[in-house]
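Chemist: I need the structure of the sequence given here:
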Amino acid sequence: MKRVLLIVGILSLATATFVWADLLNGSFENAQQDTATNTEYWAQDVPPGWTFGGYWGEADVRGWRAYDGTNEATLHNWGGGAADSGWWQTVTNTIASEGSIWIASAWAVSDNGNWGGGVYTANNIDIKIEFYQNDHSTLAGAVTNSYSPPGETWTYMSVTGTAPANSYYARFVMAAVGQGSSGAFQFDDASLTTQIPEPTVGGLIGLGAIALLAIRRKRS
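Modeler: Below you'll find the model as predicted:
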């Protein structure tokens, strides 16, 4: 009987389903337009104590033509000194083990001369997933997809990666490399998803069977 319970428990857990969970706060709605410093979860220490978001180069939030809602994030080089710019946000990887699948995605557009901002150019637009060890700074691995500036039609960008060993944090990165000095790249509805176990009936039965087995062993 004990052996049967153990087999039932293991098989039930093994057949548990998984759901895709978005762990990123990909919204730019709670932000002051024309700045990046008060953008929740994307700007350093906003909200207070949150230190896993940031940007570099020329990055701000605008309300020009959001894909969803009112605001979108932008990258540009209007001052001529920020050929490379980007946004990033880090989430914990503790709920997904080594070997888990991650997908980073966003919708993006760029000025192409019809919106009054000039023609935006860049060598490439990179969407990345970076995996970090638990010291927050040691890179465990990374995956990147590079795109050309998408033009004035909202375009879906994504990259898929597998969490390597010792990855404790997963980071979404959107970066523009080799920007010209006119126009802007814009993105919205950023997402960083991974598969996590769903507490199905079968899984709960499995846990119950293993627990019952443990109780019987303790009594014997």
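Chemist: now do the same end-to-end measure for stretch 65-82.
Modeler: Between the opening and closing residues of stretch 65-82 lies a distance of 23 Å (CA to CA, to the nearest Å).
Chemist: Quick one: distance of that stretch to the chain centre.
Modeler: When C-alpha coordinates are averaged (CA atoms, centre = their mean, to the nearest Å), stretch 65-82 and its chain have centres 18 Å apart.
Chemist: Contacts only, for residue 181.
Modeler: For residue 181, the contacting residues are 77, 78, 79, 80, by CB atoms under 8 Å, 6 or more residues apart in numbering. Where you see a C-beta, it was placed from the backbone N, CA and C, and this is true even at glycine.
Chemist: Please spell out the PyMOL selection for the buried subset of those residues.
Modeler: Restricted to the buried members of the contacts of residue 181, where burial is judged by 16 or more other CB atoms under 10 Å, the PyMOL selection command reads as follows:
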select buried, resi 77
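Chemist: Give me the subset of the contacts of residue 181 lying in strands.
Modeler: Counting by DSSP state E, no part of the contacts of residue 181 is found in strands.
Chemist: now, among the contacts of residue 181, which is nearest to residue 185?
Modeler: When these are compared for distance to residue 185, the smallest value, 9.8 Å, is given by residue 77; criterion: CB to CB.
Chemist: Distance check, residue 130 against residue 138.
Modeler: When distances are taken as CB to CB, to the nearest Å, residue 130 and residue 138 turn out to be 11 Å apart.
Chemist: circling back: list just the nearest of the contacts of residue 181 to residue 172.
Modeler: Top of the list for closeness to residue 172, among those and by CB to CB, is residue 77 at 21.6 Å.
Chemist: didn't that closest one look like it was pressed against residue 83?
Modeler: Yes. Here residue 77 lies in contact with residue 83, judged by CB atoms under 8 Å, at a distance of 5.8 Å.
Chemist: tell me, which strand in the protein spans the most residues?
Modeler: Ordering each strand of the chain by length in residues (DSSP E) puts strand 185-197 first.
Chemist: for it, packing partners?
Modeler: strand 18-22, strand 72-76, strand 85-92, strand 101-110, strand 169-177 (3 or more CB pairs under 8 Å, 6 or more residues apart in numbering; DSSP states H and E).
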